[in-house]
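**Q** next input, structure requested:
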Amino acid sequence: MSSPTSDALLGPADVRELAEALGVRPTKQRGQNFVIDANTVRRIVRTADVRPEDVVVEVGPGLGSLTLALLEAADRVIAVEIDDVLASALPATITARMPDRADRFALVHSDAMQVTELPGPAPTALVANLPYNVAVPVLLHMLDTFPTIERTLVMVQAEVADRLAAPPGSKVYGVPSVKANWYADVRRAGSIGRNVFWPAPNVDSGLVSLVRREEPVRTTASKREVFAVVDAAFAQRRKTLRAALAGWAGSAPAAEAALVAAGVSPQARGESLTVEEFARIAESKQ
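**A** Numbering: from 1, shown residues only. Predicted coordinates for the structure are as follows:
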């Protein structure tokens, strides 16, 4: 592998010059906040444990700050970008800043939620700076669609990071926590200050690490069946499961019977259950 110099990465002036040349103004609609600090993107790559043999998929590369740092460390990088202008400009940025690695880069111009296949070797890692309004759906879609992804590191709004990594019993434990845990062991992996973005967001950001489970959740229920229980339980999170799952089971007594069969107290609430317990409830209705 080559040894690109630090000059290849984008600094604050580079990001602004690129944006100005392209006529790009970050939009709130797409949650665009570009990382402008080279030390931060290198820190993200280190925390993501990106390895020389990795094929990394990056969602929302923007102007390429993180993309270039990933290309320094990985074998290949596949970037998925929805924005027409940013997608058209990124290959030229890669070629100009890191020409000896350009053949290791591929662009997919698409909405990440619509992506079902990627060019080249199967991805082994996912690293992304995700806008808060699509962070969880995009993350779950990518983990579900590409089971070869072993390690994931996402930078998201701090509040979203807390929800993803929350354990059962936490006040912020909810649907994102359980569904992410279906796929992976999840943990908070650090915080990111506002001043490394342009424009600076109004909220703090956090890093979340997801390492795919070596063994999937053991259950005869399908993912869809388990997620249906999770959605029902948290739709009325202040209610007991007997009440919250009445619609899912057909009636409150039917919900109670399913819970008892699963070894879960009908008086418990969804916020106290592990993903394995949700799976047992789904099984009990089969």
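**Q** three-state assignment of the residue of the chain most remote from its centre?
**A** No residue in the chain sits farther from the centre than Pro253, which is 37.6 Å out by C-alpha atoms, centre = their mean. Following DSSP: H, G, I helix; E, B strand; the rest coil, we place Pro253 in the helix state.
**Q** quick one: it and Lys239, what's the gap?
**A** Pro253 is 15 Å from Lys239, where distance means C-beta to C-beta, to the nearest Å. Where C-beta positions appear, they are placed from N, C-alpha and C, glycine not excepted.
**Q** and Glu159, by the same measure?
**A** Plainly put, Glu159 is 24 Å away from Lys239 if you go by C-beta to C-beta.
**Q** now Val229
**A** 14 Å.
**Q** cool, Val275 as well?
**A** For Val275, the distance to Lys239 - C-beta to C-beta - is 20 Å.
**Q** more neighbours: these two, which one.
**A** Val275 (20 against 14; other C-beta atoms under 10 Å).
**Q** show the pLDDT at the closest residue to that one other than its chain neighbours.
**A** The shortest distance from Val275 to any non-neighbouring residue, by C-beta to C-beta, 6 or more residues apart in numbering, is to Asn181 (4.7 Å). You'll see Asn181 listed with a pLDDT of 97.
**Q** and if you look at the one 3 residues further on?
**A** You'll see Ala184 listed with a pLDDT of 98.
**Q** that one contacts Val208, doesn't it?
**A** No. Judged on C-beta atoms under 8 Å, Ala184 makes no contact with Val208 at a distance of 9.8 Å.
**Q** joint contacts of these two?
**A** Residues touching both Ala184 and Val208 (C-beta atoms under 8 Å, 6 or more residues apart in numbering): Thr152.
**Q** neighbour count: the two, which is higher?
**A** Val208 (25 against 20).
**Q** and that one, which of the three is it?
**A** Val208 is classified as strand under three-state DSSP.
**Q** next: Arg188.
**A** Under three-state DSSP, Arg188 falls in the strand class.
**Q** contact partners for it?
**A** Contact partners of Arg188, counting by C-beta under 8 Å, 6+ apart, are 161-162, 165, 206-209.
**Q** give me the below-cutoff pLDDT ranges for the chain.
**A** Scanning the chain with the threshold set as pLDDT under 70 gives 1-6, 27-31.
**Q** what about the helices in it?
**A** Assigned by DSSP state H, the helices in the chain fall at 12-22, 38-47, 65-73, 84-97, 135-145, 158-165, 175-183, 223-235, 241-244, 246-249, 252-262, 275-284.
**Q** can you redo the ones you listed as JSON lines with distance to Ala122?
**A** JSON lines is the format used below for the helices of the chain (distance: least, C-beta to C-beta, whole Å):
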{"stretch": "helix 12-22", "distance to Ala122": "31"}
{"stretch": "helix 38-47", "distance to Ala122": "20"}
{"stretch": "helix 65-73", "distance to Ala122": "16"}
{"stretch": "helix 84-97", "distance to Ala122": "21"}
{"stretch": "helix 135-145", "distance to Ala122": "11"}
{"stretch": "helix 158-165", "distance to Ala122": "24"}
{"stretch": "helix 175-183", "distance to Ala122": "16"}
{"stretch": "helix 223-235", "distance to Ala122": "20"}
{"stretch": "helix 241-244", "distance to Ala122": "39"}
{"stretch": "helix 246-249", "distance to Ala122": "35"}
{"stretch": "helix 252-262", "distance to Ala122": "36"}
{"stretch": "helix 275-284", "distance to Ala122": "25"}
